[in-house]
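**Q** Whatever this is, show me its structure:
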Amino acid sequence: MQLSYPLSPPSSFKGRCEKNGLVLFDVIPAKAGIQYFYKAPNTLDPGFHRGDEWSVIPSQRQGGTESSVRFRSFYVIYIICLVHLKRGEDNVIKEEKTLFLKEPERRLEQQIKDFINDNEKNRRTELGEGVYFEDPLIGFASGIDPLFQEYKNIIGSFHFTPQEIFKNALKDKGGDFPESKLEQISVISWILPLSDDTRRNNRKEEQFPSKLWAYSKDFGEACNSALRRHITSYLENSGYIAVAPLLSPGFRLFRDDRAGWTSNWSERHIAYACGLGTFSLSDGFISPKGIALRVGSVVTTLKLTPSERKYRTHRENCLFFRNQKCGKCIRRCPAGAITEEGHDKDRCWKYMNSESFKAKYIEYGLQSTPSACGLCQTGVPCEFEIPKVRSNL
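**A** Got it, this is the predicted structure:
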């Protein structure tokens with residue numbers, strides 16, 4: 001810390017600040033003769049008063065022969081206040097860590113919500129105003145939940161378990177994952193619901209996504225990735241290993257003969273394991289805040305209490321599988337990729353990679369490859385909630 005000195009001692013001066021024989025500060029010369037750095041010892045004398053005179057004694061070890069320099073306690077008070085502020089910050093950090101250990105789930109939920117509510121990455125600055133996402137939903141799962149192993153049969157043998165995520169990530173860094181930590185692994189998943197105006201804007205579209213929707217998929221996913229990095233850093237700074245699977249070198253998006261277009265870490269399936277919702281006829285994910293959303297996750301060695309999965313089947317939130325009456329997403333799909341048999345991933349992919357679809361993205365000023373049109377996620381009963389069964393559907 002720096003302090004402007006009231007006098008002008010030699011710039012080479014080095015010594016100690018004392019009161020009543022008690023060493024209060026080490027005084028280290030700065031480059032300018034009138035500025036000094038003060039390094040405080042662990043114990044400070046609280047018995048100071050405005051107007052007291054304090055002595056800076058030249059250090060004999062440094063060959064100092066200058067006379068003692070006197071200065072008023074006003075400046076010492078300033079230094080002591082700075083020291084106490086630093087101590088206060090340290091106490092806050094210790095208190096935060098204590099609270100984190102007592103209720104890590106609530107603290108993580110707050111970190112995710114604060115990021116979405118406060119971070120500039122969630123500001124729609126490219127289009128003037130607004131946000132990409134509304135308040136998120138958060139869930140947790142144990143890394144040794146048998147469901148993660150079942151995904152190897154449901155999705156494909158290529159789909160990673162949380163343990164494999166860790167082993168691969170640490171292997172890339174030249175380390176090994178300690179077997180003793182296997183049972184401590186937890187998975188954190190979050191739902192980022194798209195903003196109301198984005199959904200309304202996309203409802204009226206029939207062929208291509210609206211500009212708001214396209215930007216929310218592009219820049220919104222950049223926000224999601226920033227959130228992944230934020231939570232990873234937060235956990236690492238708290239003393240735990242953490243990996244964001246979609247940001248790890250081993251993540252792959254590819255076409256499988258049996259599963260079609262897929263990946264080795266499905267954010268939607270992870271959200272299902274964390275109790276955040278179920279699947280739809282269109283292969284979307286219906287959460288308590290609907291199907292118009294993005295999903296993210298982080299795997300960590302912090303042991304967390306798993307969230308309850310309140311559904312009985314993996315398609316329970318979809319009206320089509322509850323009463324065979326909705327199917328509105330079938331009519332909303334411009335590619336004809338959704339039928340009563342389900343979602344044709346190849347047909348969907350072909351439409352999104354068509355020249356007309358790419359041209360629309362270029363028209364919007366976007367250069368990235370389109371990831372979805374979102375028409376099946378808007379203008380449907382499950383757009384922003386789990387739909388209730390209605391007799392007139």
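**Q** and the protein, what are its domains?
**A** Domain assignment for the chain by automatic domain parsing gives 2-95, 103-377.
**Q** Would you state the helices of the stretch 151-300 of the chain in chain order?
**A** Counting by DSSP state H, counting those that start in this stretch, the segments of the stretch 151-300 of the chain that form helices are 162-172, 196-203, 211-237, 267-273.
**Q** Nearest residue to the middle of the protein?
**A** Centroid-nearest residue in the chain, with C-alpha atoms, centre = their mean: L227, separated by 2.6 Å.
**Q** Name the nearest residue to that one, ignoring sequence neighbours.
**A** F115 (5.3 Å; C-beta to C-beta, 6 or more residues apart in numbering). (Glycine included, C-beta is placed from N, CA and C.)
**Q** Whichever strand or helix holds that neighbour to helix 211-237, inter-axis angle?
**A** F115 belongs to helix 104-118 when assigned by DSSP states H and E. Here helix 104-118 points in a direction 140 degrees away from that of helix 211-237 (axes from the mean of the first three to the mean of the last three C-alpha atoms, to 10 degrees).
**Q** Run through who's touching helix 104-118.
**A** 99-100, 122, 133-136, 138, 140, 188, 190, 192, 223, 226-227, 230-231, 234, 302, 304-305 (C-beta atoms under 8 Å, 6 or more residues apart in numbering).
**Q** What subset of those residues is buried?
**A** Taking 16 or more other C-beta atoms under 10 Å as the criterion, what is buried in the contacts of helix 104-118 is 100, 122, 133-134, 136, 138, 140, 188, 190, 192, 223, 226-227, 230-231, 234, 302, 304.
**Q** just for the protein, where's the confidence low?
**A** Within the chain, the ranges that satisfy pLDDT under 70 run 1-99, 173-174, 370, 390-393.
**Q** Please repeat the previous calculation with a cut-off of 80.
**A** Where the chain drops to pLDDT under 80, the residues are 1-101, 128, 171-182, 324, 367-371, 389-393.
**Q** nearest spatial neighbour of F148, skipping sequence neighbours?
**A** Here the residue nearest F148, using C-beta to C-beta, 6+ apart, is T161, at 4.6 Å.
**Q** For S297, give me its contacts.
**A** Applying C-beta under 8 Å, 6+ apart, the residues near S297 are 187-190, 228, 244-246, 265, 267, 270-271, 274.
**Q** Generate CSV for these, with distance to R294 as supplementary columns.
**A** Converted to CSV, these look like this (distance: C-beta to C-beta, whole Å):
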residue, distance to R294
V187, 17
I188, 15
S189, 12
W190, 9
R228, 11
A244, 14
P245, 15
L246, 11
W265, 15
E267, 8
I270, 13
A271, 10
C274, 15
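**Q** Closest one to T369 out of these, please.
**A** Ranked by distance to T369 (C-beta to C-beta), these are led by L246 at 16.0 Å.
**Q** and the gap between the closest one and T313?
**A** Distance, L246 to T313, by C-beta to C-beta, to the nearest Å: 27 Å.
**Q** The two: which has the busier surroundings?
**A** L246 (18 against 11; other C-beta atoms under 10 Å).
**Q** residues in contact with that one?
**A** Per C-beta under 8 Å, 6+ apart, neighbours of L246: S225, R228, W265, E267, G296, S297.
**Q** from these, which is closest to N323?
**A** Relative to N323, and with distances defined as C-beta to C-beta, the nearest of the contacts of L246 is E267, at 28.1 Å.
**Q** Can you tell me how far A222 is from L247?
**A** Taking C-beta to C-beta, one finds A222 at 12 Å from L247.
**Q** again, but for K328
**A** Applying C-beta to C-beta, the value for K328 to L247 is 35 Å.
**Q** Those two: which is more packed in?
**A** K328 (20 against 14).
**Q** Hmm, Q377 and that one touching each other?
**A** No: assessed by C-beta atoms under 8 Å, K328 is found out of contact with Q377, at 11.1 Å.
**Q** do you know which of the helices of the stretch 151-300 of the chain lies nearest G365?
**A** helix 211-237 (8.6 Å).
**Q** Give the other helices and strands that that closest one contacts.
**A** Contact here means 3 or more C-beta pairs under 8 Å, 6 or more residues apart in numbering; DSSP states H and E; on that basis helix 211-237 packs against helix 104-118, strand 186-193, helix 196-203, strand 242-243, strand 293-300.
**Q** Now do that helix and strand 186-193, the angle between them.
**A** 160 degrees.
**Q** buried residues in helix 211-237?
**A** 211-221, 223-224, 226-228, 230-232, 234-235.
**Q** roughly how far is that helix from the heart of the chain?
**A** Taking C-alpha atoms, centre = their mean, to the nearest Å, one finds helix 211-237 lying 7 Å from the centre of the chain it belongs to.
**Q** tilt between that helix and helix 196-203?
**A** Using the same axes, to 10 degrees: helix 211-237 against helix 196-203 is 140 degrees.
**Q** would you put the C-alpha positions of stretch 181-196 in CSV?
**A** The C-alpha coordinates for stretch 181-196 follow below in CSV (Å, rounded to 0.1, in the frame of the first residue of the first chain):
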residue,chain,number,x,y,z
LYS,A,181,-12.7,-39.1,-5.2
LEU,A,182,-15.0,-41.1,-7.4
GLU,A,183,-17.9,-41.2,-5.0
GLN,A,184,-17.6,-37.4,-4.4
ILE,A,185,-18.3,-36.5,-8.0
SER,A,186,-21.4,-34.4,-8.6
VAL,A,187,-23.0,-32.9,-11.7
ILE,A,188,-24.5,-29.4,-11.8
SER,A,189,-27.0,-28.6,-14.5
TRP,A,190,-28.9,-25.4,-15.4
ILE,A,191,-31.7,-24.3,-17.6
LEU,A,192,-31.6,-20.9,-19.2
PRO,A,193,-35.1,-19.9,-20.4
LEU,A,194,-35.1,-17.6,-23.4
SER,A,195,-36.6,-14.2,-22.8
ASP,A,196,-40.3,-13.5,-23.3
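**Q** Tell me how far that stretch lies from the chain's centre.
**A** With C-alpha atoms, centre = their mean, you get 10 Å for stretch 181-196.
**Q** Now do the buried residues in it.
**A** Across stretch 181-196, burial judged by 16+ other C-beta under 10 Å covers Q184, I185, S186, V187, I188, S189, W190, I191, L192, P193, L194, S195.
**Q** No more questions from me, cheers.
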